[in-house]
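[1] for reference, the sequence and a predicted model appear below.
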Number of protein chains: 2
Amino acid sequence: MKKKKLYNIAIVGLGNIGCYLFKFLNKNRDNISNKNNSSFKILYVSAKNKHKRRNIKFKKNQWVNNFNNILKNKEVDIIVELIGGAEGPAKKLVFGALSNKKHVVTANKALISKYGDKLSMIAEKNKVNLEYEASVCGGVPIIRSIKEGLIANKINRIYGILNGTSNYILSSMEINKTTFRETINKAIKLGYAESDPSSDINGADVASKVKILSCLSFNSFINKKIHVEGIKDVDDEDITNANKLGYKIKLMGFSEILNNKIFQRVHPTLVKKSSYIAGVNGVLNAVIVEGNPIGKNIIQGEGAGPSATTSALVSDISSILRGNIKFPFAISNKRRKNYSSGKIQDLFFSSYIRLNVKDKYGVLSDVTKIFSNNKVSIKRVLQNPYKNKKKSSIVIITHRSKDNDIQKTLKTLAKKSYIIQKPKLLRIENG
Amino acid sequence: MKKKKLYNIAIVGLGNIGCYLFKFLNKNRDNISNKNNSSFKILYVSAKNKHKRRNIKFKKNQWVNNFNNILKNKEVDIIVELIGGAEGPAKKLVFGALSNKKHVVTANKALISKYGDKLSMIAEKNKVNLEYEASVCGGVPIIRSIKEGLIANKINRIYGILNGTSNYILSSMEINKTTFRETINKAIKLGYAESDPSSDINGADVASKVKILSCLSFNSFINKKIHVEGIKDVDDEDITNANKLGYKIKLMGFSEILNNKIFQRVHPTLVKKSSYIAGVNGVLNAVIVEGNPIGKNIIQGEGAGPSATTSALVSDISSILRGNIKFPFAISNKRRKNYSSGKIQDLFFSSYIRLNVKDKYGVLSDVTKIFSNNKVSIKRVLQNPYKNKKKSSIVIITHRSKDNDIQKTLKTLAKKSYIIQKPKLLRIENG
């Protein structure tokens, strides 16, 4: 497809983000056109309900009731998908658009992380762009940086804080000394969490982002194997303990290549208070790229919300306006690799383990013996008796050990009669 | 110029960086070609001295004694300038290359910050790319991020730690409690500073980078007015004082638009220990962009050295290989603006002032009266008597005051007989 002088855009999905983008494009049309040396027009908008109250004004002839009607419309060059969800209308729209040789801009991480490979095949075959900067940490231009600014690099590890809601909750629990439940309710009230925040809290949102970052970083196909733990089991006691030991707790996503295998994981992580990542608080996101020759590179910004997402969407639209067709995953599909997946059990971590135990003679001795039997060496122990004095919590920081050995240790411990509650494991990032 | 299947590159300048780039391009040729969907060849190399010892091997027919011979060579598509310096051969090469319709990639901040506007005119007229990512903080892909990833944003402020050598020196003085002189000598020995580190230390290097970032961020022509102070007057006593008061000292560059004027400045700056910027230590660089709609965005990485610089150079070469011609300063020259320049005297700062005084009756009272007469209000005072008891240092932290009033205060103080040494002013960044 040759570069055109005027690109016609259709925006499908008019929630908060769609409306913000609509207004922003109208207001900044000249500036965006000038920077990209070609112009655009919002030809159509479409959403489920025409009469929902919105703070935007579109013309009568801009509205399309059924987006199927624009899929084959020759006038439309770019379709911006803001419906959301990996299936249903979003899937139909994006597959339909690319198949009809239209460029696609999407903020849909669920869709890209699930169907990205198939979509990329269609885009490459039809010589159109599939752009998805807004799907991973809106205000952090990480997708474009991997594809362009850091293009020279062989990336071997990418990780960070990839979800603003969970980071807000953990930061807020620490600062305000509130429980997980109290904090969530407050976050929903303040608009920092959706009314159903489950995908933010259970790690699914981060997992989608990790999968997208992995295949971009490693020039591989999307790898669906990923270890995912959310933050719902992190309680205020863990945050207090971590604090005493010099750590903060963050929900982090990691992807790395080790021995030619991709290891992907999402879990609450203890990081040293003095580390950079410990200072990334509230709704901020941060992505850290480790590669050669660059060493370590950090990009930090607001992760979500209409303004940050619009910054990413406009960057994607601009990429199309500049007229060069790019491989959706940085390299031709025929050159993308298939790595096998590594298991978290084979990785080595220093770990935080919390045991709630009956306060009786010989418990600590038995506990430490079980660690030793499983080849897990203990670095620090913190024992806090609870006020009622019939139970106490034992916090153990291990030396770097194989995750499998730690998990075996916890399994053995869980069967002991003095253990009151399922032992808790949080991994420590020392990088 | 249309996208070609094979781009011929000439590298001029074969110091550490030129040699690293030469090896990197040869080793990663397939990968870089695949990602950009077109190939390249290092057709020529050139440098002052053919027989200097280098750790690279080039073929006989790759060597060119005089780069003038390749300027008109129709085969050459891209010239990579790694000579350095704003004048002389580097200037001749880059002007000559663009005039002969060759793409240019350069790491030369002195040249771009001085002649960037003229060079940009030639590049735009001849439809070739002038790429200079490597000229500002090598491992921080800030140029491309402003042009592409953050393209949607109206930037109103850009600042950060832009020089690795000076940051290393200040970090090292703090950690090792060494004097400025001792630290510099150590830095030279370790290779973190050049044998003549003056442009790193006197702020000139940061000033060039600020000018380049300004015009990119604000879509303006290069603005040559800039307030520049280096770090040579920061001594270990200031670092100790700052530490006591909860601050660290960093050499920072700032550019911002206020009331339609551009304010550019480089100076040692006190930042709160808990701030992000305080944690950017050693040779790291960090750039912070404040804009709309993005809010605040941070990019951090290694600032200099052959590997980080090569990452930037390859990103620039890739940009050319992808085949789309871009405006060197993000927007057509005919749309770039001319802002007038603001003066630092008109800005407001909380400031750190250190006075070395004779230890006698009434001094503090006279000092505080002078502050008050100049409408500068004092927030904190720290008085340290020196061991010999005949003099002491008075450290004053002011409330936010007009810089002009602070400077007037210092001028009056400088004339007082009890002042032993020129009063020292360091500005505080509270952002």
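    Arrived safely, thanks for sending. Residues are numbered from 1 along each chain as shown, chains lettered A, B, ... in the order given.
[2] what does the model give the residue sitting furthest away from the middle of chain A for pLDDT?
    When each C-alpha in chain A is compared with the mean C-alpha position (C-alpha atoms, centre = their mean), A:Tyr361 comes out farthest, at 45.3 Å. The per-residue pLDDT reported for A:Tyr361 equals 88.
[3] give me the distance between it and chain B.
    As judged by C-beta to the nearest C-beta, to the nearest Å, A:Tyr361 and chain B stand 45 Å apart. From N, CA and C alone the C-beta is placed, and that goes for glycine too.
[4] how about A:Val234, what does it touch?
    A:Val234 makes contact with A:170, A:173, A:180, A:249, A:268, A:426 under the criterion C-beta atoms under 8 Å, 6 or more residues apart in numbering or on different chains.
[5] turn those into a markdown table, including secondary structure, neighbour count and pLDDT.
    Listed next are those as a markdown table, based on DSSP: H, G, I helix; E, B strand; the rest coil; neighbours: other C-beta atoms under 10 Å in any protein chain shown; pLDDT from 0 to 100:
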| residue | secondary structure | neighbour count | pLDDT |
| --- | --- | --- | --- |
| A:Leu170 | helix | 23 | 96 |
| A:Met173 | helix | 23 | 95 |
| A:Phe180 | helix | 19 | 92 |
| A:Ile249 | strand | 23 | 98 |
| A:Pro268 | strand | 24 | 98 |
| A:Leu426 | strand | 21 | 98 |
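[6] nearest to A:Glu124 among the residues you listed?
    A:Pro268 (37.7 Å; C-beta to C-beta).
[7] that closest one and A:Gly303: what is the separation?
    Distance of A:Pro268 to A:Gly303, given as C-beta to C-beta, to the nearest Å: 17 Å.
[8] swap in A:Leu6?
    Using C-beta to C-beta, we find A:Leu6 at a distance of 33 Å from A:Gly303.
[9] where in the stretch 1-150 of chain A is pLDDT low?
    With pLDDT under 70 as the threshold, the stretch 1-150 of chain A has low-confidence stretches at A:1-3.
[10] 50 instead?
    When residues are selected by pLDDT under 50, those of the stretch 1-150 of chain A lie in A:1.
[11] if I look at the closest residue in space to A:Leu216 that isn't next to it in sequence, how far off is B:Lys189?
    Excluding the flanking residues, the one nearest A:Leu216 by C-beta to C-beta, 6 or more residues apart in numbering or on different chains is A:Ile146, at 5.0 Å. Taking C-beta to C-beta as the measure, A:Ile146 falls 37 Å from B:Lys189.
[12] ok, A:Val363 next?
    Using C-beta to C-beta, which is the criterion applied here, A:Val363 is 56 Å from B:Lys189.
[13] the two - which one has more neighbours?
    When neighbours are counted by other C-beta atoms under 10 Å in any protein chain shown, A:Val363 comes out ahead of the other of A:Val363 and B:Lys189, with 18 against 9.
[14] residues in contact with the more buried one?
    Applying C-beta under 8 Å, 6+ apart to A:Val363 gives the contacts A:357, A:394, A:418.
[15] how close does it sit to B:Asn404?
    A:Val363 sits 70 Å away from B:Asn404 when distances are taken as C-beta to C-beta.
[16] just A:Pro328 next, same as before
    54 Å.
[17] so which of those two has more stuff around it?
    Just comparing A:Pro328 and B:Asn404: by other C-beta under 10 Å the higher neighbour count belongs to A:Pro328, 27 against 15.
[18] over to the more buried one: give its phi and psi.
    Note on A:Pro328: its backbone torsions stand at phi -60, psi -40 [degrees, to the nearest 10].
[19] mind listing the strands for the stretch 301-431 of chain A?
    Along the stretch 301-431 of chain A, the stretches classed as strands by DSSP state E, counting those that start in this stretch are A:340-341, A:348-358, A:378-385, A:391-398, A:401-402, A:424-429.
[20] so A:Ala90: helix, strand or coil?
    For A:Ala90, the assignment made with DSSP: H, G, I helix; E, B strand; the rest coil gives helix.
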